[in-house]
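J.: A structural model of the following input is requested.
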Amino acid sequence: MKAVVLFSGGMDSTIALFWAIHEASITSIDSVCINYGQRHFNELRQARTIWELAKTGSSAKLNKRRVIVIPDVLVGESSLLWQRETNTYSNVEEAK
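T.: Here you go, the predicted model:
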């Protein structure tokens, strides 16, 4: 059976990848990373590193790693986006 792992490079998707590697019924694994313009570039970089490390030990199962870039989809005031710095508050009342 083939599997596709939506792989961000974070903890949850890394566990999903290694679960798929160790699942006996899965014979081929592709991963898909989505770069949608948020500030998670460190996780995307980690995804590449983790994939390469996993491929070293499990090269028979790991097939293709894809990165899909979706430019300019998210525009807004969120601190997750490039346009804004993270707001910090010392208490809940300041955030209102």
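J.: all contacts plus neighbour counts: C-alpha atoms, from now on.
T.: Noted.
J.: Quick check: buried residues in the lengthiest helix in the chain?
T.: For the chain, the longest helix by residue count, based on DSSP state H, is helix 41-58. For helix 41-58, a neighbour-count test (16 or more other Cα atoms under 10 Å) marks 43, 44, 47, 48, 50, 51, 54 as buried.
J.: any idea which of the residues you listed is closest to residue 34?
T.: For the buried residues of helix 41-58, the minimum distance to residue 34 (Cα to Cα) is 8.4 Å, reached by residue 44.
J.: what residues are up against the closest one?
T.: Neighbouring residues of residue 44 by Cα atoms under 8 Å, 6 or more residues apart in numbering: 8, 9, 33, 35.
J.: before we move on, what about residue 45?
T.: Counting by Cα under 8 Å, 6+ apart, residue 45 makes contact with residue 9.
J.: so what's it scoring on pLDDT?
T.: Looking at residue 45, its pLDDT reads 87.
J.: how close does it get to residue 26?
T.: From residue 45 across to residue 26, the span is 25 Å (Cα to Cα, to the nearest Å).
J.: Dump the longest helix of the chain to PDB, keeping only the CA atoms.
T.: Extracted C-alpha coordinates of helix 41-58, given in PDB (Å, rounded to 0.1, in the frame of the first residue of the first chain):
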ATOM      1  CA  PHE A  41       9.900  28.300   7.500                       C
ATOM      2  CA  ASN A  42      12.000  26.700  10.200                       C
ATOM      3  CA  GLU A  43       9.600  23.800  10.300                       C
ATOM      4  CA  LEU A  44       9.900  23.400   6.500                       C
ATOM      5  CA  ARG A  45      13.600  23.400   6.800                       C
ATOM      6  CA  GLN A  46      13.400  20.800   9.500                       C
ATOM      7  CA  ALA A  47      11.000  18.700   7.300                       C
ATOM      8  CA  ARG A  48      13.700  18.500   4.700                       C
ATOM      9  CA  THR A  49      16.300  17.500   7.300                       C
ATOM     10  CA  ILE A  50      14.100  14.900   8.900                       C
ATOM     11  CA  TRP A  51      13.100  13.400   5.500                       C
ATOM     12  CA  GLU A  52      16.800  13.000   4.500                       C
ATOM     13  CA  LEU A  53      17.600  11.400   7.900                       C
ATOM     14  CA  ALA A  54      14.700   9.100   7.600                       C
ATOM     15  CA  LYS A  55      15.600   8.200   4.000                       C
ATOM     16  CA  THR A  56      19.100   7.200   5.100                       C
ATOM     17  CA  GLY A  57      17.600   4.500   7.400                       C
ATOM     18  CA  SER A  58      14.500   3.600   5.300                       C
END
